[in-house]
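Asks: Structure, please.
(one chain, ligands or ions: 1)
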Amino acid sequence: MTISADHPRYRSLCVREKLAQAMLDGIVAPEGLSAHGRGEAFDYLLGEVTIPSAKKAEQCAAAMFHMAKHPVISVNGNTAVLAAPEIAALQKATGALVEVGLFHRTEERIRKITDLLSAAGAVVTQGEAERLLPLSHDRAFCLRGGIYEADLVLVPLEDGDRAQALVGLGKKVITIDLNPLSRTSQTATLPIIDEVTRALPEITAYASEMTEDDALAILAVMPEQIWFLQAALDTISQRLSTIL
Ligand code: PTJ
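Replies: Take a look at the predicted model:
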């Protein structure tokens, strides 16, 4: 379909089209389209901008990456299609491993997502995934030398189960999820309530210029998880109570 560039929702329509095509190509799960719709609805409520508390979270995320010994970025179908170059840039800035972690897991999707990330310049950790996480569904699968041994895992657009399982295993978990009420956001060590293509470049920019002293200073005054959730809910409440 041709989308006219003067349409007021041009970008949004292009993104939807991209995800729909990626679904037909077997990269995005069909369920990923409804997940995207839910994200868009929350983005409307947030004003489709990075709110100040999310920017703060992105700075804290960069500091956590800086101090982590074995950080891993977990990538699913939606994230790969929306933000493969941004994932590659964050990997370069942080030295984190990139691992494909899927809810609707098939070997074919893993291969296609790996190819997409590699074409964008990411180095994807590969190998024999094992059922290592305490979950009944296929998100239990991960790489022993990847997510299983990580001390920090970034999980964009996740469902809550795995974030909870990773926290339960003692890992620090950073989530990127536009919904401050989701179990994912509420379980995370650090919830970033922002759109994934806005959040990733912000983390990369902070990470690129951060020294260890900066990171320690930022982490020393990092707000509690609940502060980031409350700030997003306050923004939404304010926007819902006035049209000005
Ligand atoms: O590729 P797979 O098989 O791993 O499946 C991926 C999906 C997204 C289908 C799977 O993880 C899933 O079902 O996720 P949920 O439970 O729908 O959660 C996705 C969350 O991401 C929701 O809370 C959305 O609000 C949020 N979200 C959607 N799009 C964006 C987003 N957050 C940030 N940026 C977005 N662009």
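
Asks: Going by C-alpha atoms from here, please, whenever you check contacts or count neighbours.
Replies: Noted.

Asks: what is the rounded mean pLDDT of stretch 175-192?
Replies: For stretch 175-192, mean pLDDT rounds to 97.

Asks: Same question for it: list its buried residues.
Replies: Neighbour counts over stretch 175-192 (16 or more other CA atoms under 10 Å) mark 175-180, 184-192 as buried.

Asks: Could you single out the nearest of the residues you listed to Ala54?
Replies: Nearest to Ala54 among those is Ile192, at 5.6 Å by CA to CA.

Asks: Could you measure from that closest one over to Thr2?
Replies: Counting by CA to CA, to the nearest Å, the gap from Ile192 to Thr2 is 33 Å.

Asks: All the helices of the chain, in order from the start?
Replies: Taking DSSP state H to define them, one finds helices in the chain at 10-24, 30-46, 52-67, 77-94, 107-119, 160-168, 183-187, 196-208, 212-220, 225-241.

Asks: what bridges to the most centrally placed residue in the chain?
Replies: By CA atoms, centre = their mean, the chain has its centre lying nearest to Pro156, at 1.7 Å. Taking DSSP bridges as the rule, Pro156 bridges to Ile176.

Asks: tell me the contacts of it?
Replies: With contacts defined as CA atoms under 8 Å, 6 or more residues apart in numbering, Pro156 is in contact with Ser74, Val75, Asn76, Thr79, Thr175, Ile176, Asp177, Val196.

Asks: quick one: the fourth one and Glu158 touch, right?
Replies: When you say that, I think you mean Thr79. No. Taking contacts as CA atoms under 8 Å, Thr79 lies outside contact range of Glu158: 9.6 Å.

Asks: So for these two, which sits in the more crowded spot?
Replies: Glu158 (25 against 22; other CA atoms under 10 Å).

Asks: show me the contacts for the residue nearest to the more buried one when sequence neighbours are not counted.
Replies: Ranked by CA to CA, 6 or more residues apart in numbering and with sequence neighbours excluded, the top spatial neighbour of Glu158 is Thr184, at 6.5 Å. The contact partners of Thr184, by CA under 8 Å, 6+ apart, come to Glu158, Asp159, Gly160, Asp161, Ala163, Gln164, Thr175, Asp177.
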